[in-house]
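*Asks:* Please work out how this folds:
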Amino acid sequence: MFKGWKKSKKAATEEIKPTVAFDSHEKPDYQVVISLLSDVGCVREINEDSGRYTCPDQSQAESQRGMLVLVADGMGGHSAGEVASQMAVEVISRAYYGSSEDARNSLEGAFHAANQAIHDHAASNETLDGMGTTCTALVLQNGSALAAHVGDSRLYLIRNGQIYLMTEDHSAVMEMVKNGLLTLDEARHHPDKNVILRALGSHPEVDVTTWDTPLPVKAGDMFLLCSDGLYDLVEDEEIKQIATASVPHVACANLISLAKDRGGHDNITVAIASLEPLTTASVKPAPETREVEVR
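*Replies:* Residues are numbered from 1 along each chain as shown. Predicted coordinates:
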């Protein structure tokens, strides 16, 4: 018998204008355009999702760590989920850029630091007992990508007209799929689809899934991170079509709009990092503030 956590969430829409940045550690033929949007949806009263992206300026020491994009989906009832997801993006960002280890170990260590911080905070406040959060992270550094995740928020790669799911949900139904008890289509509509088996903060220790090796990236690649409020209602092929049809901030808005048109029963958060070829991308000055978050 598995143990899991049922998720609930929500608050108002907050749109972030796209940030344009370059990979400064090689001679890139692309610029990275990042946009992030979160919405309370149509049913929930509070937005328990949080998201953040950080693009250090080339003059900052943190620039060697690359760009970091995070999406977290909190749970725990009342305001607990909101607290957990916000703590996750804050602690992971701070710990990742403050680490002296290589990027993969720094990212994994940052997740463990967030898990400990959330668990300790919940233990000190009985109103937050049982809170936790999913979290999915993407790092773009030196012409490559790294990822880490806990829970069922997702990371997709769109490349050469195809969409690839780059994370595996830590969920009850995915375990059933792996054991041959459900098909992927059955899992999508299963009543326990929102029961997850791992969350940051729910236990003193957590298993963090990371990529063993960096993934080389190229101009034209697009990465999309999202909470389950999107992919529960929008098929992967639809995600691909909408994400590639517009500039990132418009695509994020259109994806959320479609999920809301289909009921919007959960909070919806989408982040897109598009590696746009310099020959076709419109070059815009990067904003002075390069760390952005939504919740």
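
*Asks:* and the closest residue to residue 41 other than its chain neighbours, what element?
*Replies:* Nearest residue to residue 41, sequence neighbours excluded (Cβ to Cβ, 6 or more residues apart in numbering): residue 264, at 3.8 Å. For the C-beta atoms, the positions are set from N, CA and C on the backbone; glycine is no exception. Here residue 264, judged by DSSP states H and E, is contained in no helix and no strand.

*Asks:* For the chain, which residues score under the pLDDT cut-off?
*Replies:* The model of the chain has pLDDT under 70 over residues 1-27, 59, 61, 77-78, 280-295.

*Asks:* could you show me where the helices are in it, in order?
*Replies:* 80-98, 103-123, 172-178, 184-188, 228-231, 236-245, 248-261 (DSSP state H).

*Asks:* Summarise which helices and strands the fifth one is packed against.
*Replies:* The elements that helix 228-231 packs onto, with contact taken as 3 or more Cβ pairs under 8 Å, 6 or more residues apart in numbering; DSSP states H and E, are helix 248-261, strand 268-277.

*Asks:* Can you say which of these is packed in most?
*Replies:* Of all the helices and strands packed on helix 228-231, strand 268-277 has the most neighbours on average by mean count of other Cβ atoms under 10 Å, namely a mean of 26.

*Asks:* what helices or strands is that one leaning on?
*Replies:* strand 30-39, strand 49-54, strand 67-75, strand 132-141, strand 222-226, helix 228-231, helix 248-261.

*Asks:* Could I get the buried residue list for the first one?
*Replies:* Read it as strand 30-39. Neighbour-count burial for strand 30-39 flags 30, 31, 32, 33, 34, 35, 36, 37, 38, 39 (criterion: 16 or more other Cβ atoms under 10 Å).

*Asks:* wait, which of the helices of the chain is closest to residue 58?
*Replies:* Among those, helix 80-98 comes nearest to residue 58, with 14.6 Å by Cβ to Cβ.

*Asks:* between the closest one and strand 67-75, how many degrees?
*Replies:* Going by axes from the mean of the first three to the mean of the last three Cα atoms, to 10 degrees, helix 80-98 is angled at 160 degrees with respect to strand 67-75.

*Asks:* ok, residue 249 to residue 207 distance?
*Replies:* 34 Å (Cβ to Cβ, to the nearest Å).

*Asks:* can you check residue 179 too?
*Replies:* Relative to residue 207, residue 179 is positioned 18 Å away (Cβ to Cβ).

*Asks:* more neighbours, the two?
*Replies:* Neighbour tally, residue 179 and residue 207, criterion other Cβ atoms under 10 Å: the higher count belongs to residue 207, 12 against 8.

*Asks:* Which residues are in contact with the more buried one?
*Replies:* Counting by Cβ atoms under 8 Å, 6 or more residues apart in numbering, residue 207 touches 150, 198.

*Asks:* Try it again at 7 Å.
*Replies:* Shown in contact with residue 207 (Cβ atoms under 7 Å, 6 or more residues apart in numbering): residue 198.

*Asks:* quick one on the thing from earlier: between the helices and strands packed on helix 228-231, which one is nearest to residue 166?
*Replies:* Of all the helices and strands packed on helix 228-231, strand 268-277 sits nearest to residue 166, with 12.3 Å by Cβ to Cβ.
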